[in-house]
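# I would like the atomic coordinates for the input below:
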Amino acid sequence: MKPFRHLYLHIPFCKHKCGYCDFNAYAGMAGLMPAYVDALLAELDSAAECYAFGSLKTVYLGGGTPSLLPADHVSRLLAGIQRRFTVEPSAEVTLEANPASTDPERLAAWREGGINRLSLGVQGFDPRALAVLERRTDGAQAERAFAQARAEGFDNISLDLIYGVPGQPERLWRETLRRAVDLEPEHLSGYCLSFESGTLLTRRRDQGLIDEVESDAQADQLQAAVEELGTHDYERYEVSSWARPGYRSRHNRAYWECRPVYGAGAGAHTYAATRDRAWRWWNLARPSDYIANAAAPRADGEELDLRQVRAERLMLGLRTVAGLTPPAGFEDELAELEAAGLVARRRGRVAPTRRGLDLHNQVAIAVL
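Numbers count the residues shown, from 1 in each chain. Alright, predicted model coming up:
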């Protein structure tokens, strides 16, 4: 099995769970935070004994809302990672943060602990769109959090934005993009709002309280993002990701290239691989269950056969503008995608066209 060189830690706590969110996240469980950090460190102890880890190239604290953890908890967690593993001096170490729980004390602790990249969950600047998303933040908080991060020395900041929000016309979406660009972040992610099963947003749609944005309007808003960000030197390098030179997400690249990633925490997923075999497993989802079984938190898993391994590698590689050298066995599928104008071949590699990036779901269906 290849050594793990990428580490993901899931922090499942939220102050409020937004109506569109289907992540493994929970509100009202702040009292579990100290025990949860203990459990994370216990799992990492067990993982270090059971699996091979190389020097870590990326560490990512996601959620949930990792920024809700008190500063001393984050510091203890980061110090624990440093004691258990070798973290490369140039490693990308990311923390996801909500603007409402970002302040100078936390920022200083994150910097001191080794965080060198922030991913701010802004989602939008339009108050009406934020209300539909049930985001309890506003544009002023996002701008303040960004300015505070810059003041604390963060020079690699990503902003998350959501388009296709019911009631938000293209004009206001373009205004959101311009306000984001005015902050001059190094990286931007733009996600189309999806209605996931079991979420409050989906129930509201099914009750006729809101209408889902039509696909043509979604496409127009994506085109607006391409135009607005492109004019400010942001390169679209993946389906939902834009970056300035030198600031592409290295942790996400590990997923797109199907590299082994160890996932610690409640509901976290691990991907392990050899040359032609792969395994995926995931942890117990409920924080209390995870805490009670931290040394052995695995809930279930699966082994992928060679066809599945290659299909996933192809599907994920075709999320990026760089594409990949295609694995054997998908000649017919790739020929159909090429005929449809969704992929192009260049010097032995296959990569998505602009249309293929925009319609990646069709690429994925064809490959998988």
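# how far off centre is stretch 272-284?
With Cα atoms, centre = their mean, to the nearest Å as the basis, stretch 272-284 stands 19 Å off its chain's centre.
# again, but for stretch 232-240
How far stretch 232-240 lies from its chain's middle: 15 Å, per Cα atoms, centre = their mean.
# list the buried residues of it.
Y234, R236, Y237, E238, V239, S240 (16 or more other Cβ atoms under 10 Å). (C-beta placed from N, C-alpha, C; glycine too.)
# and those as JSON lines, adding secondary structure and distance to L306?
Putting the buried residues of stretch 232-240 into JSON lines (DSSP: H, G, I helix; E, B strand; the rest coil; distance: Cβ to Cβ, whole Å) gives the following:
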{"residue": "Y234", "secondary structure": "coil", "distance to L306": "38"}
{"residue": "R236", "secondary structure": "strand", "distance to L306": "32"}
{"residue": "Y237", "secondary structure": "strand", "distance to L306": "29"}
{"residue": "E238", "secondary structure": "strand", "distance to L306": "26"}
{"residue": "V239", "secondary structure": "coil", "distance to L306": "26"}
{"residue": "S240", "secondary structure": "coil", "distance to L306": "29"}
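# of those, closest to L161?
S240 (9.6 Å; Cβ to Cβ).
# next up, the contacts around G263.
Y8, L9, H10, H269, T270, Y271, W282, N283 (Cβ atoms under 8 Å, 6 or more residues apart in numbering).
# change it to 10 Å
G263 makes contact with 4, 6-10, 43, 47, 60, 62, 269-271, 280-283, according to Cβ atoms under 10 Å, 6 or more residues apart in numbering.
# same question for D38.
H73, R76, L77, G80, I291, A294.
# got TSV for these, with pLDDT too?
Output for the contacts of D38, formatted as TSV (pLDDT from 0 to 100):
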residue	pLDDT
H73	96
R76	96
L77	97
G80	97
I291	98
A294	95
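# mind checking which of the residues you listed land in helices?
If you go by DSSP state H, the contacts of D38 have H73, R76, L77, G80, I291 in helices.
# scan those residues and report the most crowded one.
Highest neighbour count within those: L77, with 23 neighbours (other Cβ atoms under 10 Å).
# give the contact list for that residue.
9, 11, 36-38, 40-41, 44, 61, 66, 69, 113, 264.
# how about 6 Å then?
If a contact means Cβ atoms under 6 Å, 6 or more residues apart in numbering, then L77 has V37 as its contacts.
# tell me how far it lies from I115.
11 Å (Cβ to Cβ, to the nearest Å).
# again, but for R313
On the measure of Cβ to Cβ, R313 and I115 end up 30 Å apart.
# now do V363
Distance check for V363 against I115: by Cβ to Cβ, it reads 34 Å.
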